[in-house]
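> Here is a sequence with its predicted model. Questions after.
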Amino acid sequence: TCNDDSDCKNGVKCEPKGEKKFCSCKSGLIGDKCQIVVDCTADGTYKGCEASGGKCSYDGDKAICTCSGNKKLDEKDKICKLLTGVVLNTMCRKVMVQLRTLVLANRNETKG
């Protein structure tokens, strides 16, 4: 039960049902105060979010996993991972290609 909206979590309203008032949970929320985000639980989409250093929360109408520092959400595994390997490799390759292009362009200008 609740007395007013401030008793409920995640922006949920306290609404009358019969003689009592209850938090009216939005889709994806459970618990007497709507404090549990289903997708953040052990069976949810973002079950590994917090164990991987992220923060799983409810953002108006859905669960989100927010990663901090040099971590980014892996869309496939739904966990926070360090920006290494493929991501950094791809970034380095792009820089190297741009550098090579500049060097070749500079050579052509000095020859002519």
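Yep, it's here.
> When you work out contacts or count neighbours from here on, use the C-alpha atoms and nothing else.
Will do.
> What sits closest to the residue most central in space within the chain if chain neighbours are left out?
What sits nearest the mean C-alpha location of the chain, by C-alpha atoms, centre = their mean, is residue 65, with 2.8 Å. Leaving aside its sequence neighbours, residue 65 sits nearest to residue 56 (C-alpha to C-alpha, 6 or more residues apart in numbering; 4.5 Å).
> Direction included, what does the helix or strand containing the one you found pair up with?
Taking DSSP states H and E as the definition, residue 56 sits inside strand 55-58. Its sheet considered, strand 55-58 pairs with strand 63-66 (antiparallel) by DSSP bridges.
> I'd like the average pLDDT over the partner strand.
Average pLDDT, strand 63-66: 97.
> So which residues of this protein form helices?
Shown for the chain, the helices assigned by DSSP state H span residues 86-111.
> Where do the domain boundaries of it fall?
Under the assignment the TED database, the domains of the chain span 1-34, 35-109.
> Quickly, which of the ones you listed bottoms out on average pLDDT?
Minimum mean pLDDT among the domains of the chain: domain 35-109, a mean of 84.
> what separates it from the chain centre, distance-wise?
How far domain 35-109 lies from its chain's middle: 10 Å, per C-alpha atoms, centre = their mean, to the nearest Å.
> Was I right to think the residue nearest to residue 65 contacts residue 50?
Yes - here residue 56 reaches residue 50: they are 6.3 Å apart, a contact under C-alpha atoms under 8 Å.
> and among the domains of the chain, the most buried is which?
Among these, domain 1-34 has the highest mean neighbour count (mean count of other C-alpha atoms under 10 Å), at a mean of 17.
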